[in-house]
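S.K.: Sequence plus predicted model, see below.
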There are 2 protein chains.
Amino acid sequence: MHDVRVMFDTLKAHVAARTDLVEEEFPRCTSLMAARRLRKGHTLSHAGEPCRYLAFVAAGCLRAYSVDEKGEEHVVQFALEQWWITDMYSFLTGKPGEYIIEALEESDVLLIDAVAYEQVCATVPAFERYFRILLQNNYIATHRRLLATISLSAEERYLQLIADYPSIVQRVAQRHIASYLGITPEALSRIRGRIAKHPGDR
Amino acid sequence: MHDVRVMFDTLKAHVAARTDLVEEEFPRCTSLMAARRLRKGHTLSHAGEPCRYLAFVAAGCLRAYSVDEKGEEHVVQFALEQWWITDMYSFLTGKPGEYIIEALEESDVLLIDAVAYEQVCATVPAFERYFRILLQNNYIATHRRLLATISLSAEERYLQLIADYPSIVQRVAQRHIASYLGITPEALSRIRGRIAKHPGDR
DNA sequence: CGTCTATTTGAATGTACTCAAAAGCGGTGG
DNA sequence: CCACCGCTTTTGAGTACATTCAAATAGACG
C-alpha cells in the first residue's frame, strides 16, 4: 500500500459504497487530503497540542488513548484499515487534545484538516452525507460498547470484543486490549487463562 | 409547552443555532414531523418491535435502556429538553430494537420517521448538516463517557455526571442514575453517603 | 546473545455486588 | 387529615471479582 493512488481508490470505494458519489466530485474532495506514513509508535496528535487532522486509515492500525493524572493510559479507540480516527473535540474546536493517536503498526493514512473538512462538507453533499452515515454507525457501535461496559463482566466484554472485532484482538498487544476493556493487563491474562481452560464454553 | 407551534419554534431555533438554515426551508422539514405527548412511564419504542421514530424532546425527560437476560435494566441514555433520542440501530435498519425508550416525566416530543428523515437529509442540506453536527457532538460526549467508564471509579463517575449534567441528577430517580453509571442502587446510595460526609472534597 | 518489555502467576487488599431488612417518601382512599 | 400501600433509598453483613504489588517467565528487538 505504498501507492498513494491505491490509498485514494480505497477511500473512493468506501465513500461510493455509502453514497451516490458522482465520480467527478471525488477529486474535489481528495485534492485537499494528504497521504502520510506513520512509523510504529509515532503519533498523529501529540498530547496537549491540537489534533489538526481527521485520518483515514488505508493500511495499518492506530489507537487513541488518554493519559490520566496517575500516568495510566486508557485506550478509547482502535482504528484498522478503512476506519477514520481523530480527537474529535480537538479537531473541531482547535483546542488542545485530550487523546494521543499513535500508530501501533507502520501505517498509511490520508489526512484532512478541519478547514478542508468543513469546506468539502459544505460544497459536496455526498461527502457530508458520507460523514453523517459514518457518524450514525459510530453512534450505534459506541453505544453498544458503552452498554457492554456498564452491563457485562470483564470476561463477557472480552468475548464480545473477540466476536465483534477479532482482527483487533489478533493484531494488538494484550495490554492495549486490557486498557480498551477497562481492566488491568493482569486481569485480562487471568481471563484468558480461564477461557483456555474451558474450551467450548462459548 | 402544550402548543405545537412552540415546540416547532424550539426546534427551529436549535437548527438555526447550528446551521445557516433558510427560513423557508424549515416548513419542508417539519411538515413531516408529528407532535406527541408521552405520559410518565409510557414508551416510544417497545422492546422487540422496531423503533420507528427519531424524537426531539421539546419538554420532559426520557431514558433509553436495555433489559438483559437476567431482567436487569441498563440505562444507556437520558434525553432532556432539546435532545434527540432514538434506538439508532433499529431506527435506521427497521429491525427490532434493543432499547426501550420511556418517558420519565410527562413529555412532549416531535417525531420523525426514517423515511422522512432520509428524505429531508437528502433534500435540505441544512438539515443533513444539522444532524452531522449533532452526531459529531454526540461522538465527543459519548467518548467522554466511555473514557470515564473505563478509567474512573464509580464515585468519580458520579461526580463527573453531576458536573456535566446536574439537571439529570436532579430530575431522575437514583436507581436510574446508578444504572446509567453501571453500578447498583445500593452502591450509589453509599457513594452519596460518603460524599455528604466529606463536603468540600470536590 | 543480551536487554527491555510484555505476559503470567501469586498473595493480599479493596471496591462493588448480592441478599436481606429497615427506613423514607409519595400517592390513594377511608 | 391521617393511615396504609407500594416503591425507592438506606444500611448491614458476607462474598466475589478485579486491583495492587511483587516476582517469574516468555517474547521481541537490536
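M.R.: Perfect, I can see it now. Residues are numbered from 1 along each chain as shown, chains lettered A, B, ... in the order given.
S.K.: Find the centremost residue of chain A, please.
M.R.: In chain A, the centroid-proximal residue (C-alpha atoms, centre = their mean) is residue A:79; its distance is 2.9 Å.
S.K.: tell me, how many neighbours does the residue lying closest to that residue once chain neighbours are set aside end up with?
M.R.: Closest residue to residue A:79 apart from its sequence neighbours, by C-beta to C-beta, 6 or more residues apart in numbering or on different chains: residue A:85 at 3.8 Å. Heads up, the C-betas are built off the backbone N, CA and C, glycines and all. The criterion is other C-beta atoms under 10 Å in any protein chain shown. On that basis, residue A:85 has 23 neighbouring residues.
S.K.: which strand residues sit across from the residue nearest to the centre of chain A in the sheet?
M.R.: Assessed by DSSP bridges, residue A:79 has beta-bridge partners residue A:62.
S.K.: Alongside chain B, which residues does chain A contribute?
M.R.: Counting by C-beta under 8 Å from any C-beta of the partner chain, chain A comes close to chain B at A:66, A:68, A:72, A:74, A:76-77, A:88-89, A:92, A:121-122, A:125, A:128-129, A:131-132, A:135-136, A:138-140, A:142-143, A:145-147, A:149-151, A:179-182.
S.K.: what about the helices in chain A?
M.R.: Applying DSSP state H to chain A gives helices spanning A:4-16, A:25-30, A:88-93, A:114-123, A:125-151, A:154-164, A:166-171, A:174-181, A:185-197.
S.K.: any chance of the ones you listed in CSV, plus mean neighbour count?
M.R.: Formatted as CSV, the helices of chain A follow (neighbours: other C-beta atoms under 10 Å in any protein chain shown):
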stretch, mean neighbour count
helix A:4-16, 16
helix A:25-30, 17
helix A:88-93, 20
helix A:114-123, 16
helix A:125-151, 20
helix A:154-164, 16
helix A:166-171, 13
helix A:174-181, 20
helix A:185-197, 13
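S.K.: what's the closest of those to residue A:36?
M.R.: Checking the helices of chain A against residue A:36 by C-beta to C-beta gives helix A:4-16 as the closest, at 10.0 Å.
S.K.: what helices or strands is the helix-or-strand element of chain A with minimal mean pLDDT leaning on?
M.R.: Of the helices and strands making up chain A, the lowest-confidence element is helix A:25-30, at a mean of 83, by mean pLDDT, DSSP states H and E. The contact analysis (3 or more C-beta pairs under 8 Å, 6 or more residues apart in numbering or on different chains; DSSP states H and E) places helix A:25-30 against helix A:4-16, helix A:114-123, helix A:125-151.
S.K.: CA atoms only: put it into CSV for me.
M.R.: Once non-C-alpha atoms are left out, helix A:25-30 reads as follows in CSV (Å, rounded to 0.1, in the frame of the first residue of the first chain):
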residue,chain,number,x,y,z
GLU,A,25,-16.8,15.1,-7.4
PHE,A,26,-14.2,12.9,-5.8
PRO,A,27,-11.0,14.8,-6.9
ARG,A,28,-12.6,17.9,-5.3
CYS,A,29,-12.6,16.0,-2.0
THR,A,30,-9.2,14.4,-2.2
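S.K.: quick one: contacts of that helix?
M.R.: The contact list for helix A:25-30 (C-beta atoms under 8 Å, 6 or more residues apart in numbering or on different chains) reads A:8, A:11, A:12, A:15, A:110, A:120, A:123, A:124, A:126, A:127.
S.K.: Contact partners for the second one?
M.R.: Shown here is residue A:11, whose contacts under the criterion C-beta under 8 Å, 6+ apart are A:30, A:33, A:56, A:58, A:110.
S.K.: burial count for residue A:105?
M.R.: By the measure other C-beta under 10 Å, the count of residues near residue A:105 is 15.
S.K.: Quick check: residues of chain A near DNA strand C?
M.R.: A:173, A:174, A:175, A:185, A:186, A:188, A:189, A:190, A:192, A:193 (C-beta under 7 Å from any atom of the strand).
S.K.: May I have the predicted confidence score for the fourth one?
M.R.: So that's residue A:185. Per-residue pLDDT puts residue A:185 at 98.
S.K.: Next: the third one.
M.R.: Note for residue A:175: predicted pLDDT of 98.
S.K.: tell me the contacts of it?
M.R.: Counting by C-beta under 8 Å, 6+ apart, the residues that residue A:175 touches are A:185, A:188.
S.K.: Recalculate using a threshold of 7 Å.
M.R.: By C-beta atoms under 7 Å, 6 or more residues apart in numbering or on different chains, the residues touching residue A:175 are residue A:185.
S.K.: and the gap between it and residue A:4?
M.R.: 33 Å (C-beta to C-beta, to the nearest Å).
S.K.: likewise the fifth one?
M.R.: Per C-beta to C-beta, residue A:186 is found 43 Å from residue A:4.
S.K.: can you put the contacts of helix A:25-30 in CSV and add pLDDT?
M.R.: Shown next, in CSV, are the contacts of helix A:25-30 (pLDDT from 0 to 100):
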residue, pLDDT
A:8, 94
A:11, 95
A:12, 93
A:15, 95
A:110, 97
A:120, 94
A:123, 92
A:124, 92
A:126, 93
A:127, 94
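S.K.: With distance to residue A:46 as extra columns, can I get those residues in CSV?
M.R.: As requested, the contacts of helix A:25-30 are exported to CSV (distance: C-beta to C-beta, whole Å):
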residue, distance to residue A:46
A:8, 27
A:11, 25
A:12, 30
A:15, 29
A:110, 20
A:120, 25
A:123, 31
A:124, 30
A:126, 33
A:127, 28
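S.K.: Can you tell me which of these is closest to DNA strand D?
M.R.: Nearest to DNA strand D among these is residue A:110, at 25.4 Å by C-beta to the nearest atom of the strand.
S.K.: and the closest residue to residue A:54 other than its chain neighbours, what does it touch?
M.R.: Spatial nearest neighbour of residue A:54, excluding adjacent residues (C-beta to C-beta, 6+ apart): residue A:86 at 4.3 Å. Listed by C-beta under 7 Å, 6+ apart, the contact set of residue A:86 reads A:51, A:53, A:54, A:55.
S.K.: follow-up on the earlier one: do you know which of the helices and strands packed on helix A:25-30 lies nearest DNA strand D?
M.R.: Smallest distance to DNA strand D across the helices and strands packed on helix A:25-30 (C-beta to the nearest atom of the strand): 11.6 Å, for helix A:125-151.
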